[in-house]
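In: Give me coordinates for this.
(one chain, ligands or ions: 4)
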Amino acid sequence: MLPLSDTIVAIATAIVPQQGSIGIVRLSGAKAVAIARCLFVAPGKQPWDSHRILYGHIRDPMTQEQVDEALLLLMLAPRSYTREDVVEFHCHGGMIPVQRVVQLCVAAGARLAEPGEFTLRAFLNGRLDLTQAESVAELVAAQSTAAARIALAGLEGKLARPLKQLRQTCLALLAEIEARLDFADDLPPLDAGAIAEQIHHVQRQVEQLLATAEGGQLLRTGLKVAIVGRPNVGKSSLLNAWSRCDRAIVTDLPGTTRDIVESQLVVGGIPIQVLDTAGIRVTENVVEQLGVERSRQAALSADIVLFVLDASQGWTAADQEIYDQLKLAERRQQSPNAVLMVANKEDLLPAAANCHDLHLPMAPIPTVFLSALTQTGINHLETAILDLVHGHNLHAANLEFALNQRQAALLQHVQHSLTHVLQAIDEQLPLDFWTIDLHAAVRALGTLTGEDVTESVLEQIFSRFCIGK
Ligand SMILES: Nc1nc2c(c(=O)[nH]1)N(C=O)[C@@H](CNc1ccc(C(=O)N[C@@H](CCC(=O)O)C(=O)O)cc1)CN2
Ligand SMILES: Nc1nc2c(ncn2[C@@H]2O[C@H](COP(=O)(O)OP(=O)(O)OP(=O)(O)O)[C@@H](O)[C@H]2O)c(=O)[nH]1
Ligand SMILES: [K+]
Ligand SMILES: [Mg+2]
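Out: Ligands and ions are numbered 1, 2, ... in the order given. Model (predicted):
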C-alpha cells in the first residue's frame, strides 16, 4: 500500500502544450506547507491562513531564479479534499511552469502522486466512501450532461447512503441470530417469519438499486453506431446531417469514403460514437478494398448497425449481398435491436410512400425514413435508436443515480446470498447455515462501500484514475 506519510504532488489540471490559461499543481501531506513556504514568496504581510489565496512568485530555492508568477491556495487539515494539509499553486497554463513547479516540489521532499492517490487519501481519511470515490473518476470521464449528473449524485452520497443502511440492517439481523448461537437459553426464540420478512425487504431494495445498472452503463460508456451500406446511398451525408457539421467528404462518385470517419454525438443523454464507413462493393481498387474491409470491422464492433439504403431505389440485390456478407440476419437473431434500416433520400419519394414500398425481404425490422440532403427525419432516427436501447426499460437519461459494473456485480452477490439465507430459514436448517450467507452479504456490501475492502480492490479502482485526481 502507498504510504500515507509521504507528501505527494501532481499536476491537477489537463495540460496541453501552448494552451490552457491556468495550470494547477497540488501538494498534499504533512510537509505540504513547509515545501510551499520554501518555494513561494508572497510580498507584504499576507497571512498563511487556511482557505485563503496568496499572491506571489514561485522561485527555485537553489538558484533564486523566478519560475512563475502565481497564486497559492492553502487548505489546512482536516478542511481539505484529502483531509491532509493541501497547497495548490495556480500557475500559468501550458506545460513548462507546472512541470517546473512539480520538479521543485520533488526536490523539496515531495513524491510524485500515483493515479488517483489524492482521492485514495480522501477515502482512507474518511472523507468519501468507495462509491463516492468512484463517482469522482466517473465525473471526470463523463461524456454527456446526463452521465455527469449521475456521477455527481454518486459523489454526493446517493448510493453510499442506502448501501450503508442495507449493510447496517444485515449486521443487525446477523447479531440477532448469532446471539441465539451463543446464548440460546437466555433469549426468547427467534421469530423466523419476521427475519425472513426483513430479508425480503432488503432484497426489494437491492432489486431497485440493481435496476439502475443497465441505464448507468449506457450513460457512462455510450454506444458505438456504424453507418453501413452500398456506395452512394448517402452514408457520409447522414453523418454530416446528424452531427450538423461537414465531417465527411460527400460527392456523387461511388467509393468516395475510404477510411472510417468518426463523430461524437449525445442522444437522449447517451454519448454516441458514430462511424461513417466506405460503401461496400466488389472493387479492383486496392485502397477501396482496404476501406471495405474496415467497414466490415466497424459493423462487427458496433452496438448498432445503421443499414442505409436509397429509398428511391428500394431494396436491391446489392443491398441484399451486403446484408448477407455482414451476417446481419444472424446478428439480429442474437440481439434483435442491433440493426436499424435507414431509408435515405426520402425527398425523392412521393409524399405517401412508406415501408411497404421498400420491399424489404426480411422479417419486420425497425426502419426510419429520412433525407440527409434536406436534413429531415434525423429526429426519427434518434427516437428509433432510443427505442432500440431502452425498449420498455427505464429511460437512462431520467436516472437519478446509477450503479457501475463493479457495484452491480457485488449487489448481485448480495442478492444470491440473501436468497440462500431465505432457503435456510425455509428449510429450517440450523442457525449457522443462516449466518454463513448473511455474513457473505455483509462482506459484499462492505466491499461496495469500502467499509470492508482489500488492498487489491482499492488498487484496481484507483489505478484507473487519472494522475492528479
Ligand atoms: N482548485 C480546486 N478546485 C476543485 C477541487 C480542488 O481540489 N481544487 N476539487 C477536488 O476534487 C473539487 C472540489 N472539491 C473539494 C471538496 C472539498 C474541499 C474541502 O476543502 N473540503 C473541506 C473544507 C470544507 C469547508 O471549509 O467547509 C472539508 O470538507 O473538510 C475542497 C474541494 C473541484 N474543484
Ligand atoms: N436527393 C438526395 N440525395 C442525397 C441524399 N443524401 C445523399 N445524397 C446524395 O447522394 C450522393 C452520395 O452521397 P454520399 O453521402 O457521398 O454517399 P455515401 O454513401 O457516403 O457514398 P460512399 O462514401 O461513396 O460510399 C451525393 O451526391 C449526395 O448529395 C438525400 O437524402 N437525398
Ligand atoms: K459518394
Ligand atoms: Mg461516404
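In: number of nearby residues for the nearest residue to residue 397 once chain neighbours are set aside?
Out: Distances taken as CB to CB, 6 or more residues apart in numbering put residue 269 closest to residue 397, at 3.3 Å, once the chain neighbours are dropped. For glycine as for every other residue, the C-beta is placed from the backbone atoms N, C-alpha and C. Residue 269 has 22 neighbouring residues, counting by other CB atoms under 10 Å.
In: What residues does residue 269 make contact with?
Out: When contacts are counted by CB atoms under 8 Å, 6 or more residues apart in numbering, residue 269 touches 144, 145, 146, 147, 219, 396, 397.
In: Surely residue 241 and residue 379 touch.
Out: No: between residue 241 and residue 379 there is no contact under CB atoms under 8 Å: 11.3 Å.
In: Comparing those two, which shows the higher neighbour count?
Out: Taking other CB under 10 Å, residue 241 and residue 379 do not tie; residue 241 has more neighbours (22 against 10).
In: How about the secondary structure of that one?
Out: Look at residue 241: counting by DSSP: H, G, I helix; E, B strand; the rest coil, its state is helix.
In: For it, give me its contacts.
Out: Counting by CB under 8 Å, 6+ apart, residue 241 has contacts 372, 373, 375, 378.
In: ok so, going back, show the backbone phi and psi for the residue nearest to residue 397.
Out: Dihedral angles of residue 269 (phi, psi; degrees, to the nearest 10) stand at phi 80, psi -10.
In: how close does it get to residue 231?
Out: 34 Å (CB to CB, to the nearest Å).
In: re the thing from before, show the buried residues in the contacts of residue 241.
Out: Among the contacts of residue 241, those classed as buried by 16 or more other CB atoms under 10 Å are 372, 373, 378.
In: And the helix or strand where residue 69 lies, how far out from the chain middle?
Out: Taking DSSP states H and E as the definition, residue 69 sits inside strand 66-75. Chain-centre distance of strand 66-75: 33 Å, with CA atoms, centre = their mean, to the nearest Å.
In: Contacts for the following helix or strand past that strand next, please.
Out: Where DSSP H and E defines the elements, the next helix or strand beyond strand 66-75 is strand 86-92. By CB under 8 Å, 6+ apart, the surrounding residues in contact with strand 86-92 are 12, 21-28, 32-33, 35-36, 39-40, 58, 68-76, 80, 97-98, 101.
In: What is the most widely separated pair among the contacts of residue 269?
Out: 145 and 396 (12.4 Å; CB to CB).
In: of those two, who's got more company?
Out: Taking other CB under 10 Å, residue 145 and residue 396 do not tie; residue 396 has more neighbours (25 against 11).
In: Roughly how far does the more buried one sit from residue 38?
Out: Distance from residue 396 to residue 38, by CB to CB: 50 Å.
In: Can you show me the helices along the stretch 101-250 of the chain?
Out: If DSSP state H, counting those that start in this stretch is used as the criterion, the helices of the stretch 101-250 of the chain fall at 117-124, 130-141, 145-155, 160-182, 192-210, 213-221, 235-243.
In: looking at those, which is closest to residue 352?
Out: Using CB to CB, the helices of the stretch 101-250 of the chain put helix 235-243 closest to residue 352, at 23.2 Å.
In: Which is the succeeding secondary structure element to the helix or strand where residue 308 lies?
Out: Residue 308 is located in strand 304-310, with elements delineated by DSSP H and E. Sequence-wise, the next helix or strand downstream of strand 304-310 (DSSP H and E) is helix 317-325.
In: chain center to that next one, what's the gap?
Out: 36 Å.
In: Check what contacts that helix and list those residues.
Out: With CB under 8 Å, 6+ apart as the test, helix 317-325 has contacts from 228, 229, 230, 280, 281, 296, 307, 309, 329, 361, 362.
In: OK, contacts around the fifth one?
Out: For residue 281, the contact set (CB under 8 Å, 6+ apart) comprises 230, 231, 254, 255, 292, 318.
In: near ligand 2, which residues of the protein?
Out: The chain comes close to ligand 2 at residues 231-237, 250-252, 254-257, 278-279, 344-345, 347-348, 371-373, as judged by CB under 6 Å from any ligand atom.
In: switch the cut-off to 5 Å
Out: 231-237, 250, 252, 254-257, 279, 344-345, 347, 371-373 (CB under 5 Å from any ligand atom).
In: Send over the strand holding residue 69 as CSV, restricted to the C-alpha atoms.
Out: Extracted in CSV, the C-alpha atoms of strand 66-75 (Å, rounded to 0.1, in the frame of the first residue of the first chain):
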residue,chain,number,x,y,z
GLN,A,66,11.9,33.1,-10.7
VAL,A,67,9.8,30.2,-12.2
ASP,A,68,6.3,31.8,-12.3
GLU,A,69,4.1,34.5,-11.0
ALA,A,70,1.3,32.6,-9.3
LEU,A,71,-1.5,32.3,-6.7
LEU,A,72,-1.3,29.9,-3.8
LEU,A,73,-4.3,28.3,-2.1
LEU,A,74,-3.8,26.9,1.3
MET,A,75,-6.3,24.3,2.8
